[in-house]
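Participant: the following block contains a protein sequence and its predicted model.
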Amino acid sequence: MWNRLNKVKIFNDFPLDNDDGRRRRLTGMLLIAGSMVAAGLMAQDIAAGNFVETGIDLFILFSFALCFIWLPRVRRAEWIYRLAVGSLATGLLFIAFTDEDQTKFLLLLLFPQLFHFILGNREGLVWNISTLVLIMVRLTAFALSGEAYPLAFILRFFIAYACISLVAYTQEWIRALYFKKLIDEKEELNRANREIRKLSCIDNLTGVFNRGYLDRQLEKEFKYSRRSEKSLAVVLCDIDHFKRINDQYGHPVGDQVLKIISNVFSEGVRRDIDWVSRYGGEEFLLVLPGTDTPGAKKVSERIRLRISRGNYEVDGISIRTSVSFGISVLDDPLASTISNPEVLLKMADDALYHAKQTGRNKVICHSDLEGRTG
């Protein structure tokens, strides 16, 4: 039987290592137990001809079934917890108050654990006190009328209820501290894992994405562009005469120039949408999702002017440089003959080569080359 229950979504999809999973599983098990008890009581009432009690049993059973069906399907299950606890409490109160049996009345001692474990200490305490007041009023009425519950039983019940409530409150408080510590540790671990993943994607020298990230992410960007029918532009950038900088000033100065230029690239694109990657050596790739040909030209020209007009100080040395740009754009994803990101990169490389061959420090788009060829 347990193997069958374990296959039910509520027992299969919610782990016990988090607070919500624990509460959902506990609520689910209580609903199953409550449904079995309610079904048994309903059968007894039907046999005895107690149709009013049968209707109440049926209502409680329906509430349990509704909670059990919706419990695994909702993102925030607080209202289901309240409905389930309210239905269970109503059923227990009905059993205790109608039969006037001291043994069955002791079932009400389950309330503190039920309220605090499922609803938490803050809300559970309100439910607990409210229910205790209701119980004590009912017991006092019984005692004053000389019915089933003497004053000594009421006093013992009150003491037992208070002690169990204190234990339940303490247990829930300790459990909440444990889960808070567990959540903090998991968050710290997740933060460390995110940092590791980030570092594995970042070029150590320039701080932009590395070639490994480019190969993985560009494939995703390309597929998304085809699926969403949105344009995708890639801009291959090469620092002009970078070898001269290394030969004349040394590689440490050249590394600083790479950092400066990569920062200009990062600042020149949309921070939350576009991204920059080091392609290799002094080459960088700008990836501009949702950008058409005129937009890619505008971005590239703005960055080109900023770099060519800049005067960069590195270790007391004033350095001026320029960058050449080659653009390729997936303008019409569905009609385009560009079948994969490698073709898109090859087109950008051809445009960059043409920019280099025709004087450097310029922006060339592959579509312009096709027009000239035509």
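Facilitator: It's in.

Participant: all strands for the stretch 201-350 of the chain, in order.
Facilitator: 232-239, 275-280, 283-289, 312-314, 317-319, 323-330 (DSSP state E, counting those that start in this stretch).

Participant: ok and the third one relative to strand 323-330, angle-wise?
Facilitator: Angular relation of strand 283-289 and strand 323-330 on a 0 to 180 degree scale: 40 degrees, by axes from the mean of the first three to the mean of the last three C-alpha atoms, to 10 degrees.

Participant: can you list the weak-confidence ranges in this protein?
Facilitator: The model of the chain has pLDDT under 70 over residues 1-22, 70-77, 95-106, 142-143, 145-151, 198-199, 333-335, 370-374.

Participant: how does it divide into domains?
Facilitator: Listed by automatic domain parsing, the domain ranges of the chain are 2-180, 211-373.

Participant: relative to residue 189, which of those domains is closest?
Facilitator: Set against residue 189 and scored by C-beta to C-beta, the domains of the chain come closest in domain 2-180, at 12.6 Å. Backbone N, C-alpha and C define where each C-beta goes, glycine included.

Participant: can you give me how far that closest one is from the chain middle?
Facilitator: Relative to the centre of its chain, domain 2-180 is centred 32 Å away, using C-alpha atoms, centre = their mean, to the nearest Å.

Participant: correct me if wrong: residue 210 contacts residue 216.
Facilitator: No. The criterion here is C-beta atoms under 8 Å, and residue 210 misses it with residue 216 at 10.4 Å.

Participant: these two: who's more crowded?
Facilitator: The neighbour comparison of residue 210 against residue 216 (other C-beta atoms under 10 Å) goes to residue 210, with 19 against 11.

Participant: host element of the nearest residue to residue 91 once chain neighbours are set aside?
Facilitator: Nearest residue to residue 91 in three dimensions, chain neighbours excluded: residue 60, at 4.8 Å (C-beta to C-beta, 6 or more residues apart in numbering). Assigned by DSSP states H and E, residue 60 belongs to helix 51-70.

Participant: surely residue 157 meets residue 138?
Facilitator: No. Counting by C-beta under 8 Å, residue 157 stays clear of residue 138, with 11.2 Å between them.

Participant: who has more neighbours out of the two?
Facilitator: Ranked by neighbour count (other C-beta under 10 Å), residue 157 and residue 138 place residue 157 first, with 20 against 16.

Participant: what about that one, distance to residue 111?
Facilitator: As judged by C-beta to C-beta, to the nearest Å, residue 157 and residue 111 stand 12 Å apart.

Participant: so for the two, which residues contact both of them?
Facilitator: Here residue 157 and residue 111 have no joint contacts, going by C-beta atoms under 8 Å, 6 or more residues apart in numbering.

Participant: quick one: residues contacting the nearest residue to residue 261 once chain neighbours are set aside.
Facilitator: Nearest residue to residue 261, sequence neighbours excluded (C-beta to C-beta, 6+ apart): residue 239, at 6.0 Å. Shown in contact with residue 239 (C-beta under 8 Å, 6+ apart): 257-258, 261, 282-283, 321-323.

Participant: most neighbours among the residues you listed, which one?
Facilitator: Neighbour count (other C-beta under 10 Å) singles out residue 323 as the most crowded of the contacts of residue 239, with 26 neighbours.

Participant: these two touch, right, it and residue 361?
Facilitator: Yes. Using C-beta under 8 Å, residue 323 is in contact with residue 361, at 7.1 Å.

Participant: overlap in contacts, those two.
Facilitator: In contact with both residue 323 and residue 361: 240, 304, 308, using C-beta under 8 Å, 6+ apart.

Participant: looking at those residues, which one is closest to residue 340?
Facilitator: Nearest to residue 340 among these: residue 304, at 28.0 Å, using C-beta to C-beta.

Participant: what about residue 37, which helix or strand?
Facilitator: Assessed by DSSP H and E, residue 37 sits inside helix 19-48.

Participant: tell me the angle of that helix relative to helix 51-70?
Facilitator: 150 degrees.

Participant: which strands and helices sit next to helix 19-48?
Facilitator: Using 3 or more C-beta pairs under 8 Å, 6 or more residues apart in numbering; DSSP states H and E as the contact test, the elements touching helix 19-48 are helix 9-12, helix 51-70, helix 78-99, helix 111-144, helix 151-201.

Participant: which of those sits closest to residue 229?
Facilitator: That would be helix 151-201 among these, by C-beta to C-beta, at 27.8 Å.

Participant: thinking again about what came up before, adding distance to residue 80, write the strands of the stretch 201-350 of the chain out as a markdown table.
Facilitator: Listed next are these as a markdown table, based on distance: least, C-beta to C-beta, whole Å:
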| stretch | distance to residue 80 |
| --- | --- |
| strand 232-239 | 44 |
| strand 275-280 | 42 |
| strand 283-289 | 41 |
| strand 312-314 | 62 |
| strand 317-319 | 66 |
| strand 323-330 | 47 |
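
Participant: looking at the ones you listed, which is closest to residue 55?
Facilitator: So among the strands of the stretch 201-350 of the chain, strand 283-289 is nearest, using C-beta to C-beta, at 61.3 Å.

Participant: just to revisit the earlier point, what about the residue nearest to residue 91, neighbour count?
Facilitator: Residue 60: 23 neighbours (other C-beta under 10 Å).
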